[in-house]
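*Asks:* just a sequence and a predicted model for now, questions to come.
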Amino acid sequence: MSLVVEKAESGYDRNPILTGVSVRVDPGELVAVVGSNGAGKTTLVRTIVGQLALRSGSVTLEGADVSSLATHKRAKQGLMMVPEGRKLFPRLTVGENIALGRRAAGKRATGEDPVEALLEAFPVVKERWGQQASLLSGGEQQMVALTRAVAARPSYLLLDEPSLGLSPLKTLDVFRLIELIRERTGAGVLLVEQMADQALAAADRAYVLEHGRISMEGDAAELRASDEVRRAYLGAA
Amino acid sequence: MEPVIIGLVLGGMYALLAQSFVLTFVTTRTLNFAVGEFVAVGAFATLAVASWGWLPTVGKIAIGVLAAALLGALVYRFLVLPFTTQGEHDVRWLLSTVAVSFVLLNLMNNVEGPSPQRSETAKLDGAVDLLGVGVSKQQLLLAALALVISLGLIAVTQRTSIGLVMRAVSQDPDTTSLMGVSPRVVGMGSYAVAMGLAGLAGILYAANVGASPVMGEPLLVASIAVAIVGGLGSLWGPLVGGALYGVLSQVASYQWGAVWGETAGLLLVIAVLVWKPEGLLGRRAEVKL
């Protein structure tokens, strides 16, 4: 049982972006997708959650084909995305944003609440609880966005460029939080990142996305060590 | 004093319809220009069951409200939603709701005929004395309902889980669906409530002017004006806009004659559009760069 994308083709209007991408995330696994700007990383996660329609191929969740389900139905089945740019509801408070995540959990909300552990490790979210989300810094907003997704008790979590626009220090925090989420929720995480080095260091497995195709895949540590990846994405000579 | 009191009461009536514009605008960024006909739909549906002696008055009113609400949800699902799919500059829904308005108007003209029919299901006889001004109980009931319903809607949006979802949808519909909320259901729900309100206004108004296909038209211009003055993005807007518009137009027509009443109201709209286009209580649309 896992999240499986098979030979996905999708894009915008007349521009095909993904041309046959296959990706797989197993429960509890952290999988990175690295690639340069315009490679199709955001298109991939938007296709997985159904914000973009598949032209061919399929998305299956725990063995069930969800390719034709609307975005909100996939969310209800535990497929959560933290979109690029966080997308908090700007005029709702931090607490209300997280309450919307909790609401999405529905019947999946059983057992220990993973949000508590997150709040304990990163108390800044709790300190900001009653504040309007738009008043938070970028790093704080990312923390809230991740907490909101975890509140929905995801079985699979898709993270689109969580480090975007953050300082190196805040980026470290975000990666620590992602590790904690994996540990506490057991969710499979698909991490799409331009910060290839950090993403590969955190991940178990990884895919390299290039011009809408998977050009390499395998063990994250091995990819991180390979000459090709180092030259293209890690800035090494 | 008299024009002020009468103005407030009239403004309350307009506010009820303005609230239906605000409700659909906040959640779906669309307005139903067939609202005037939904006023008549509510009135006719209640009229149709007026002779059912076993049904208490409240039940007859409820049938009118539900008929308008159900029709509203269907109109959203099949005639508004399909015409909003091409991004924020897609305004085909505007034409389709105007079309709904024509179709309903002609349908009702053919079935019920153009002349007003007596409808006294929701009639309150007599008048009450408000600060020395005689106000018909019927008018007062409409204004009081507008106030109570507006405050109720505000409480719902601030205090309940459904209200939280409504506020979220109004800020970012795409992200709301990532939270497992169906935008279609929210849209149908808000159209149902909004058109139910229009139907309710129609049932009560019909006791004064009779039920007729065109009965909603005179209310339409004033309630759009009220919605714009108050701000389409705020549930408080219709209350403030209704009071201002009602009082200003009544005072103007007392002072300078009836022609100036509506003119003054529309001048107010122009003034608001020039100085504060988002409405007095509205919020400027945020444009992300």
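*Replies:* Okay, I see it. Residues are numbered from 1 along each chain as shown, chains lettered A, B, ... in the order given.

*Asks:* return the set of buried residues in the lengthiest helix in chain A.
*Replies:* Counting by DSSP state H, the longest helix found in chain A is helix A:168-185. Residues of helix A:168-185 classed as buried by neighbour count (16 or more other CB atoms under 10 Å in any protein chain shown): A:170-171, A:173-175, A:177-178, A:180-182, A:184-185. In this view, the C-beta of every residue, glycine as well, is placed from N, C-alpha and C.

*Asks:* hey, where'd the helices end up in chain A?
*Replies:* Applying DSSP H to chain A gives helices spanning A:41-49, A:71-76, A:94-105, A:114-121, A:124-127, A:138-151, A:168-185, A:196-202, A:220-225, A:227-233.

*Asks:* list the buried residues of the shortest one.
*Replies:* Spelled out, it's helix A:124-127. Result for helix A:124-127 [16+ other CB under 10 Å]: buried residues A:Val125.

*Asks:* how far is it from where the chain is centred?
*Replies:* 22 Å (CA atoms, centre = their mean, to the nearest Å).

*Asks:* contact partners for B:Phe38?
*Replies:* B:20, B:32, B:68, B:71-72, B:104, B:195, B:198-199, B:202, B:216 (CB atoms under 8 Å, 6 or more residues apart in numbering or on different chains).

*Asks:* ok, now which ones touch the residue nearest to B:Leu124 when sequence neighbours are not counted?
*Replies:* Distances taken as CB to CB, 6 or more residues apart in numbering or on different chains place B:Lys137 nearest to B:Leu124, at 3.9 Å, with adjacent residues excluded. Taking CB under 8 Å, 6+ apart, we find B:Lys137 in contact with B:124-128.

*Asks:* got the phi and psi for B:Lys137?
*Replies:* Main-chain torsions, B:Lys137, degrees, to the nearest 10: phi -60, psi -30.

*Asks:* also B:Val135?
*Replies:* phi -120, psi 130.

*Asks:* the longest helix of chain A versus helix A:114-121: what angle between them?
*Replies:* 140 degrees (axes from the mean of the first three to the mean of the last three CA atoms, to 10 degrees).

*Asks:* quick one: B:Leu31 and B:Leu17, what's the gap?
*Replies:* Look at B:Leu31 and B:Leu17: by CB to CB, to the nearest Å, they are 11 Å apart.

*Asks:* give me the contacts around stretch B:222-238.
*Replies:* With CB under 8 Å, 6+ apart, stretch B:222-238 has contacts from B:11, B:14-19, B:21-23, B:25-26, B:31, B:35, B:146, B:150, B:153-154, B:157, B:170, B:239-242, B:244-245, B:249, B:262, B:265-266, B:268-269, B:272-273, B:278-283.

*Asks:* nearest spatial neighbour of A:Glu84, skipping sequence neighbours?
*Replies:* A:Asp160 (4.2 Å).

*Asks:* ok so, going back, select only the buried ones of the contacts of B:Lys137 in ChimeraX?
*Replies:* Buried residues within those, by 16+ other CB under 10 Å, are selected in ChimeraX with:
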select /B:124
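
*Asks:* so which residue is dead centre in chain A?
*Replies:* A:Leu159 (1.5 Å; CA atoms, centre = their mean).

*Asks:* what about the longest helix of chain A, average pLDDT?
*Replies:* Taken as a whole, helix A:168-185 has an average pLDDT of 90.

*Asks:* and the contacts of that helix?
*Replies:* A:28, A:30, A:114, A:117-118, A:121-122, A:138-139, A:142-143, A:146, A:150, A:153-154, A:157, A:159, A:162-163, A:166, A:187, A:189, A:191, A:195, A:198, A:202.

*Asks:* nearest residue to residue 69 other than its sequence neighbours?
*Replies:* The chain I'm using is chain A. Leaving aside its chain neighbours, A:Leu69 sits nearest to A:Gly50 (6.2 Å; criterion: CB to CB, 6+ apart).

*Asks:* to clarify, I was referring to chain B.
*Replies:* Spatial nearest neighbour of B:Ala69, excluding adjacent residues (CB to CB, 6+ apart): B:Gly196 at 3.6 Å.

*Asks:* which bits of the stretch 51-200 of chain B sit near chain A?
*Replies:* B:161, B:164-165, B:167-168, B:171-172, B:174-183 (CB under 8 Å from any CB of the partner chain).

*Asks:* could you find the residue in the stretch 101-250 of chain B that comes nearest to chain A?
*Replies:* B:Gly180 (3.6 Å; CB to the nearest CB).

*Asks:* what residues sit buried inside stretch A:195-212?
*Replies:* A:195-200, A:202-210, A:212.

*Asks:* what residues of the lowest-mean-pLDDT helix or strand in chain A count as buried?
*Replies:* Here the helix or strand of chain A ranked lowest by mean pLDDT, DSSP states H and E is helix A:227-233, holding a mean of 79. For helix A:227-233, the neighbour count (16+ other CB under 10 Å) marks A:229-230, A:232-233 as buried.

*Asks:* so how far is A:Arg74 from the residue lying closest to A:Val49 once chain neighbours are set aside?
*Replies:* Ranked by CB to CB, 6+ apart and with sequence neighbours excluded, the top spatial neighbour of A:Val49 is A:Met81, at 4.7 Å. For A:Met81, the distance to A:Arg74 equals 9 Å [CB to CB].

*Asks:* anything in contact with each of the two?
*Replies:* Shared contacts of A:Met81 and A:Arg74, counting by CB under 8 Å, 6+ apart, come down to A:Val49.

*Asks:* how deep is B:Arg159 tucked in, by neighbour count?
*Replies:* 10 (other CB atoms under 10 Å in any protein chain shown).
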